[in-house]
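Undergrad: give me a 3D structure for the following:
(chains A and B)
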Amino acid sequence: MDTKKLAGLLYPDAKPLEYWFKKYPSRKLKEGAQTTRFAPSPTGYLHIGGVYAALINSTIARQTQGVCFLRIEDTDQKREIEGGIQCILDGFNTFDVGFNEGQLNTQNGIGNYGPYIQSKRVEIYKSFAKEMVQKGMAYPCFCTAEDLSLMRKQQEEQKQNPGYYGKYAKCRDLTFEQVQNNINSGKSWVLRFKCPYTENDKMETFDLVRGKRTIPCNYNDVVIMKTDGIPPYNFAHVVDDTLMGTTLVIRGDEWLPSLTEHLQLFEALGLKAPLYAHISPIQKIDETNGERRKLSKRKDPEADVRFFIQQGYTVQAVFDYLMVLANSNFEDWRAQNPKQPLANFKFEISKLNTSGALFDMVKLNDISKNTISNMSAKQVYDLAYDWAKQYDAELASIMQQDPQYYINILNIDREIAKPRKDISHWAELKDMYSYMFDNSFDSKTIVFPQNYDKESVKQILKLYPNFFNSADDQSTWFGRIKDLAQNLGFAREVKEFKKDPTLYKGHCGDVSTILRIALTGRTQTPNLYDICMLLGKDRIKNRLEQCLNNL
RNA sequence: GGCUCCAUCGUCAAGCGGUCUAAGACACCACCCUUUCACGGUGGAGUCCCGGGUUCGAAUCCCGGUGGAGUCACCA
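TA: Residues are numbered from 1 along each chain as shown, chains lettered A, B, ... in the order given. From the prediction side, this is the model:
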């Protein structure tokens, strides 16, 4: 078979490869710099696992002073959804991992190696497909879907491995005339890789996470150009990552089984394959059967980055958590360097775990609380307000009525050596401090614990306004509570009380607890002194009176 | 089913043949600090999937099970 002639028949107009290599010269990067990429399909919103992969890719690129780009893999029109690219961009707009290049907008993208959308690269793929044919490494196949499924059935019945290979590769040895006739009669065709390996061949592979492996080769004549003239993932990957200068492919380990196939395609074209690092997926426990599985877009709301955005998780907390999953020593580093940018952490690809980690919301919340506890009240206010404007109009309106008041609330037990750690995401903010606002404070719902006798409670509520002075510092303020306690037959000091509880109705702590409940409706709040100072004497008096009336 | 990957406390994990009566973090429990809550501190419970081998010695190496995940498309 004259492969040149065949190539001419199949791809008459394809540009020669040199054209593309000239158009996309190799990158001039310093020794050791890695070019990485994140390459999602526009099939829906961005997945948290996608952010994870993108974060690792961009981190490696940044640390080696390389490049990380975003490429859209839309070679399957059937799965693509309307606005898919925008979904991905929206996700990264919040979870900005710092791409240097690629499809960072819905127009032409940024960088000299575009287009970064695969559907716009068909001309390029054709050139490489033609090259494959010319080299005798590919051939057209006219088998229909029905032919293939029939064959598959037979293979299964005969306990043969299913696939298009060996004697099953019916179109492999078609003559030029047969091909020409088929094409002239309008039959649709795909281009298949003429795989030079058999079932018994093995291939040595290398993976940065797992090391050297010798594994069975792909022996299938896989499709490299579909009927629609667009390549599937395998060929697009080989062509794009070659031309875009990718040196390190970090991708999910679902690609591991097809690694030899990809390597073979690079080999067939005489191209140097990039390095690979296959990362394990983030998993969760399926509620229905209690088993581990990959976090799924369809089943798990927390797989969608919009979940984290809508809940008001900070980007830093989510990144920190993902970083802990990727390199567990990040956690210690973060404890030592609470305020340093993530970029200063020395990430190591070899420390990536080979087994998939379970996504742990509780841990995320903990990391998140730490993150937020290290922020200033103003920072918290700004971030939360930005979030609220979009996702919680009520909170936004509360916050902007009196920004300084809200900042003061946020500043309770904050900006100190051991700050309070209570906020994990903005969605819980409104409830958390609802008692600081008269609109959302209702004294009618307040109940005092049974163990306080009603008369004492009444006395405390009635008398406390006389013991409050808004000019007091904290110890003076509490001294007055002690005075009140003493006047009413409570122990002035807890220690005294503990010595002989029978002598007292309770102790000063009980008095402050009653006040706390009366003023906030809760038994657990930040520092009561700060709360009192922010509420001011009038509101204190007012709330205590309301309580009295309800008793 | 074939092939591939994986297997240490509930979770994330350190561990790379002796330093492992297995680190650390989250969660849990107790106590301490404290006017409450939180923070913080101290302590506790809790893990090497199983069976063989190799070795003076195995969580660590090898083999075999078992379990889980992934993949076997003109999807990525």
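Undergrad: what distance separates the start and the end of stretch A:388-405?
TA: End-to-end distance for stretch A:388-405: 17 Å, by C-alpha to C-alpha, to the nearest Å.
Undergrad: what about it, average pLDDT?
TA: Mean pLDDT, computed over stretch A:388-405, is 95.
Undergrad: same check, this time on stretch A:327-338
TA: The average pLDDT for stretch A:327-338 rounds to 91.
Undergrad: what about it, start to end distance?
TA: 16 Å.
Undergrad: so does it get close to RNA strand B?
TA: Yes: using C-beta under 7 Å from any atom of the strand, stretch A:327-338 reaches RNA strand B at A:328-329, A:331-332. To be clear about C-beta, it is placed using only N, CA and C from the backbone, and glycine gets the same treatment.
Undergrad: and for stretch A:36-43?
TA: Yes: remark: stretch A:36-43 sits within contact range of RNA strand B at A:39-41, by C-beta under 7 Å from any atom of the strand.
Undergrad: picking that back up, which ones among the residues of stretch A:327-338 next to RNA strand B map onto strands?
TA: In this view, the residues of stretch A:327-338 next to RNA strand B have no member that belongs to strands under DSSP state E.
Undergrad: pipe those residues into CSV and attach neighbour count per row.
TA: Below are these laid out as CSV (neighbours: other C-beta atoms under 10 Å):
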residue, neighbour count
A:328, 13
A:329, 14
A:331, 15
A:332, 10
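Undergrad: tell me which of those is nearest to residue A:191?
TA: Nearest to residue A:191 out of the residues of stretch A:327-338 next to RNA strand B is residue A:328 (C-beta to C-beta; 44.7 Å).
Undergrad: quick one: contacts for residue A:466?
TA: By C-beta atoms under 8 Å, 6 or more residues apart in numbering, residue A:466 lies in contact with nothing.
Undergrad: for RNA strand B, see how far away it is.
TA: Computed with C-beta to the nearest atom of the strand, to the nearest Å, the distance linking residue A:466 and RNA strand B is 18 Å.
Undergrad: right, and the helix or strand after the helix or strand where that residue lies?
TA: Here residue A:466, judged by DSSP states H and E, is contained in helix A:454-467. Note on helix A:454-467: by DSSP H and E, the next helix or strand toward the C-terminus is helix A:474-487.
Undergrad: most neighbours, which of the residues of stretch A:36-43 next to RNA strand B?
TA: Within the residues of stretch A:36-43 next to RNA strand B, most neighbours by other C-beta atoms under 10 Å means residue A:39, with 26 neighbours.
Undergrad: contacting residues for that one?
TA: Counted by C-beta under 8 Å, 6+ apart, residue A:39 has contacts A:70-73, A:237, A:240, A:251.
Undergrad: redo that, cut-off 7 Å
TA: Contact analysis of residue A:39 by C-beta atoms under 7 Å, 6 or more residues apart in numbering lists A:71, A:73.
Undergrad: quick check: pLDDT value at it.
TA: With respect to pLDDT, residue A:39 scores 96.
Undergrad: check residue A:510 too.
TA: Taking residue A:510 on its own, its pLDDT is 89.
Undergrad: separation between it and RNA strand B?
TA: 8 Å.
Undergrad: I'd say that residue and residue A:489 touch.
TA: No: using C-beta atoms under 7 Å, residue A:510 is not in contact with residue A:489, being 11.1 Å away.
Undergrad: which one of these two has more residues nearby?
TA: For the pair residue A:510 and residue A:489, the greater number of neighbours falls to residue A:510 (22 against 12), based on other C-beta under 10 Å.
Undergrad: now do the strands in the stretch 251-400 of chain A.
TA: A:275-279, A:283-285, A:292-294 (DSSP state E, counting those that start in this stretch).
Undergrad: who are the neighbours in contact with residue A:98?
TA: Taking C-beta under 7 Å, 6+ apart as the test, what residue A:98 contacts is A:58, A:62.
Undergrad: and for residue A:463?
TA: By C-beta under 7 Å, 6+ apart, the neighbours of residue A:463 are residue A:484.
Undergrad: what is the nearest of the residues of stretch A:36-43 next to RNA strand B to RNA strand B?
TA: residue A:41 (3.9 Å; C-beta to the nearest atom of the strand).
Undergrad: and the closest residue to that closest one other than its chain neighbours, what is it in contact with?
TA: Of all residues not flanking residue A:41 in the chain, residue A:73 sits nearest, at 4.8 Å (C-beta to C-beta, 6 or more residues apart in numbering). Residues counted as contacts of residue A:73 (C-beta under 7 Å, 6+ apart) are A:39-41, A:118, A:233, A:236.
Undergrad: residue A:73 and RNA strand B: what is the separation?
TA: For residue A:73, the distance to RNA strand B - C-beta to the nearest atom of the strand - is 3 Å.
Undergrad: could you pull up the mean pLDDT of stretch A:437-456?
TA: Rounded mean pLDDT across stretch A:437-456 is 83.
Undergrad: flag every buried residue along that stretch.
TA: For stretch A:437-456, burial by neighbour count (16 or more other C-beta atoms under 10 Å) applies to A:441, A:443, A:446, A:448, A:452, A:456.
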